[in-house]
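*Asks:* just the structure for this:
(3 chains)
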Amino acid sequence: MSKSTGCCQGFLHYVFDYETPKTLIIPSIRVGFVFRFTQFLVLLYVVGYVCVVQKAYQETDSVISTVTTKVKGFAFTNISDMEPRFWDVVDYNIPPQGDGSFFVLTNVVMTPGQTQSRCAELPNPSTTCVDDCDCVEGYNDPRGNGTPQSQIHPHTPTPTCPSESRPLLAEAENFTVLIKNSITYPKFNFHKRNILSHINSTYLKRCEFNRKTDPDCPIFRLKHIVSEAGEDFQDMAVKGGVLGILIDWSCDLDWWARKCYPKYTFHRLDNKHPVNNVAPGYNFRFAKYYRTAEGEEVRTLIKAYGIRFDVIVFGTAGKFGIVPTIVNLGAALSFLSLVSEDVCCSDWFMLTCMKKRDLYSRQKSTYLVEESEVESVRHVLSYFAF
Amino acid sequence: MSKSTGCCQGFLHYVFDYETPKTLIIPSIRVGFVFRFTQFLVLLYVVGYVCVVQKAYQETDSVISTVTTKVKGFAFTNISDMEPRFWDVVDYNIPPQGDGSFFVLTNVVMTPGQTQSRCAELPNPSTTCVDDCDCVEGYNDPRGNGTPQSQIHPHTPTPTCPSESRPLLAEAENFTVLIKNSITYPKFNFHKRNILSHINSTYLKRCEFNRKTDPDCPIFRLKHIVSEAGEDFQDMAVKGGVLGILIDWSCDLDWWARKCYPKYTFHRLDNKHPVNNVAPGYNFRFAKYYRTAEGEEVRTLIKAYGIRFDVIVFGTAGKFGIVPTIVNLGAALSFLSLVSEDVCCSDWFMLTCMKKRDLYSRQKSTYLVEESEVESVRHVLSYFAF
Amino acid sequence: MSKSTGCCQGFLHYVFDYETPKTLIIPSIRVGFVFRFTQFLVLLYVVGYVCVVQKAYQETDSVISTVTTKVKGFAFTNISDMEPRFWDVVDYNIPPQGDGSFFVLTNVVMTPGQTQSRCAELPNPSTTCVDDCDCVEGYNDPRGNGTPQSQIHPHTPTPTCPSESRPLLAEAENFTVLIKNSITYPKFNFHKRNILSHINSTYLKRCEFNRKTDPDCPIFRLKHIVSEAGEDFQDMAVKGGVLGILIDWSCDLDWWARKCYPKYTFHRLDNKHPVNNVAPGYNFRFAKYYRTAEGEEVRTLIKAYGIRFDVIVFGTAGKFGIVPTIVNLGAALSFLSLVSEDVCCSDWFMLTCMKKRDLYSRQKSTYLVEESEVESVRHVLSYFAF
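*Replies:* Have a look, this model is predicted:
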């Protein structure tokens, strides 16, 4: 019983004895100042950089976005090779659905009246280029192992080629596009649109995006987009290209900040570098299929040059979170206290720069020897006490 | 030699002397209890919140996804303006490819028989709206600097307009869509599909998604999707809209959890807010091109209203990783031990709330004075020893 | 005055007194070695794993990417059901725009001459399958509540069906695709293309991607892509499928590393698993619309089987950042020092394994008792001093 009591007491002592470091207080204003100054620097760093600049106390989430686009504008063409023609959005906007990537046709090579008729000759570069006005293709046309006995024979030996220097739809630079973009940050259950709440219908009917005067207007003139990307619309329109409309939705969702606005930037995404300039610009071929009265399928082959606009939405939202706060503050504090206070500055300063460094050192650290001083004291005392 | 030996020894001492903090053990059950209690709270926080709730011990990766969709269903229309017509998926599903964004046509304004014929009049709002039944466009039609002398002249002065209150393809609400979604977490080399392994062909032939009875079925009735998003299909179908099918693939890939199932939610993504209601709904124009027997190009202009369904896949997978574990545990522990144990609770409690606080304080901290007590003791002792 | 001076002095003492832990230095080479060894292990871990392997000192950013694709190649078909036909990119590449997801038609079921004519019968599985050669559809065709009185009546009772074992466009395996991919890491303002700077036009005209000989060539033979994904092109072409072209742009943007190259991998993304094989492969229906001389709309319904190639770009760039460095180093150091040095190894070793552990223990920790030894000493001394 008394043994178990002793055991129990030992256990209680083991569990509930509180061990706290012994400390030495040095009433030196110089050491204290160095200590407080380093503490201040650490605090300044933590508050200033980690919290204000990097916002490391925030949880983050990536944006989920949906985009609809609507191009508007008309163009009229009257060139020698082609009948006078009026172009509306149905003709030049491909695909028509208006999602985040839309194409505006600016130049065209048409080869009308192609039929599936038999030819004697095998396809070779000169024959396969019939739908092309320049025939400067970037890479080989692989034709595999089959030996084609038949090929598309164009009734019109030369396709309708526009001028090299000026695009067919030069007027396209004045087309406008309305971009509707809704975003969601699922982790924070936050939804927003790029048509901000202070924008009303009246304003939207007449506004046009301008970084200075109308930074919130979601209607963009194509020429303006291209020129903000550092390009010339007419140059780019001849051979086509890919232009990125980047919408940055970096948001600070804390209640004291509540900053969440779209920021638009424009970049040309394809290469226009003169070196390794393979398949420059942007073009693709498509066809309109007809039936003749005799039931034969005829197609008009269209090589469409133009500008593809890719609306790229990105961004990260941050909101105060207890875990990143503790993790980042804790880590910053502990690391910096380790580095600046204990190891480097205050202790080092105290033990090397002060006049009384020997006294401090002796007081701070006890050097263990076999017969330690305290032991000696004890001996002496026991000697006396006896 | 003896000097170098001394130097060497000094170096050895410098390198291998072990410096450990001196501690004071206080056998007070109250201080010990406060200490252990705060320790318990910290542990509870670290285990409970950081590990269980936030899973901060995991490395994360973002989802890579591919989606194919297939709409099924038929509709029959018989309105006064239009011939009776049977609609199948080829007619109403645009684009037909079935990728992550598909459009189901619900309402249509048709302007058949448009040709490129010359008109006297310049385009103005009244003439440019010929393909439109309401002509409430949200923003200006910029026409640039060119002065179009010719325009599309519709042979039919009034387009075929459906009723405003009820969409043409009201039956579209009963169409279904099969969504096939494969995801990859490249960092963990993990692949999965939304057709789970326990789903067999028989079940798939008859099932339909229902949050309660069939939560894993990848076939969705359009009406169900729209109503789960809090909208009425018939209302939405008149003017069109964008509806998001969000698939959340948040996964816990640790072997003890292995939870990785798609969670479907539905949200309307475009605005239906009455204020700033520019270009409400969702529509786009496209055309079907024909050739007359005389070779003239004729087109049927179609203004298509409908619902665009955007399948948006997102998610983050987490798996145990040694680096985040150490970083997060370490940071949490060190910060919280700093805050709770040393600074705030136990020491503070010991030095302010306990009766014997003066004793504790005297024992814990030594106040350095020029002629310290220990020095005095030494003097006294040396005096005696002498 | 003297009171305020005292108060002021108290405040100065409170602010500038420097409190430093008292330490005990143990000149034991064994304890010191254990201490230094654990320190070395911690350092090794921090430097080796956190810095070199995990690069935890880096800030990261997600990739923003744009893709354009261009398929090239011809095929010639001559089967009994169909007229001899020559296929070029306009015929088999759908949609034609060449964005990140493109479809190459490999097999086709054509139902020409469909008109909107009235039939007596209601649609049922046998009639709704007229455009299909196998009629093994994966799920119900919901037809809603409407009772269609009319339906599309095919003039040709049996569609043109290709063979089951061999795809129509078997030659498609020799088509090539040029993938142009530009990426941006907005946080680091870093732009790069997959056409690397050392690639010139001459090389691009003749090269073809090969993991060993031409790993940087952005032109891929379709057969090569499919075989690298572990599939057989001819097998896959019969029923279609989805193939992912994954481009990994994981980059290390630190100036001493500057590694940023695209890595291509290929995976089949749809399921070919024999169990739960609903709607196997990949196909969709579209139509070509014609007008007869009488003005009636006729369509050729095309059920297109083929391979959809999804170009999926992913990646994370890392660059040295001061905040993650401090956070990760700090956390790793503080946690590991907590675990290895103080708690586990050195102190534990010192207090349990050494012969002189009692001496160490007595020296390190003072056990507070009501009438502590020091108090007794004081008493004794005061006794003597008196």
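
*Asks:* ok, A:His308 - contacts?
*Replies:* Let me fix one detail, which is that residue A:308 is Arg and not His. Residues near A:Arg308 by CB atoms under 8 Å, 6 or more residues apart in numbering or on different chains: A:101-103, A:240-243, A:282, C:68, C:97, C:99. Bear in mind the C-beta positions are built from the backbone N, C-alpha and C, glycine included.

*Asks:* and the helix or strand where it lies with strand B:297-314, angle?
*Replies:* Per DSSP states H and E: A:Arg308 is located in strand A:297-314. Interaxial angle, strand A:297-314 versus strand B:297-314 (axes from the mean of the first three to the mean of the last three CA atoms, to 10 degrees): 30 degrees.

*Asks:* neighbouring strands of the next helix or strand after strand A:297-314 in the sheet, and parallel or not?
*Replies:* The first helix or strand that comes after strand A:297-314 along the chain, using DSSP H and E, is strand A:316-320. Paired with strand A:316-320 in the same sheet, following DSSP bridges, are strand A:58-62 (antiparallel), strand A:251-252 (parallel).

*Asks:* burial check on the nearest residue to A:Ala229 once chain neighbours are set aside, number of neighbours?
*Replies:* Closest residue in space to A:Ala229, ignoring its immediate chain neighbours: A:Phe266 at 4.1 Å, by CB to CB, 6 or more residues apart in numbering or on different chains. Neighbours of A:Phe266 under the rule other CB atoms under 10 Å in any protein chain shown: 19.

*Asks:* check contacts around A:Phe266.
*Replies:* A:225-226, A:228-229, A:243-246.

*Asks:* ok so, going back, now the strand holding A:Arg308: mean pLDDT?
*Replies:* Mean pLDDT, strand A:297-314: 88.

*Asks:* that strand: which residues count as buried?
*Replies:* A:297-314 (16 or more other CB atoms under 10 Å in any protein chain shown).

*Asks:* ok, stretch A:27-45 next?
*Replies:* A:28, A:31-32, A:34-35, A:38-39, A:42, A:45.

*Asks:* CSV for the residues you listed, including distance to chain B?
*Replies:* What follows is the buried residues of stretch A:27-45, written out as CSV (distance: CB to the nearest CB, whole Å):
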residue, distance to chain B
A:Ser28, 8
A:Val31, 10
A:Gly32, 12
A:Val34, 16
A:Phe35, 14
A:Thr38, 16
A:Gln39, 13
A:Val42, 12
A:Tyr45, 16
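
*Asks:* just those residues: which are in helices?
*Replies:* Residues of these located in helices (DSSP state H): A:31-32, A:34-35, A:38-39, A:42.

*Asks:* low-confidence stretches in the stretch 1-150 of chain A?
*Replies:* A:1-5, A:117-150 (pLDDT under 70).

*Asks:* A:Tyr14: neighbour count?
*Replies:* A:Tyr14 has 9 nearby residues by other CB under 10 Å.

*Asks:* kindly report the same for A:Glu228.
*Replies:* 18.

*Asks:* got the residues of the stretch 151-300 of chain A near chain B?
*Replies:* A:171, A:173-176, A:178, A:180, A:182, A:184, A:186, A:191, A:193, A:195, A:197, A:199-201, A:204-207, A:219, A:221, A:288, A:290-291, A:293, A:298 (CB under 8 Å from any CB of the partner chain).
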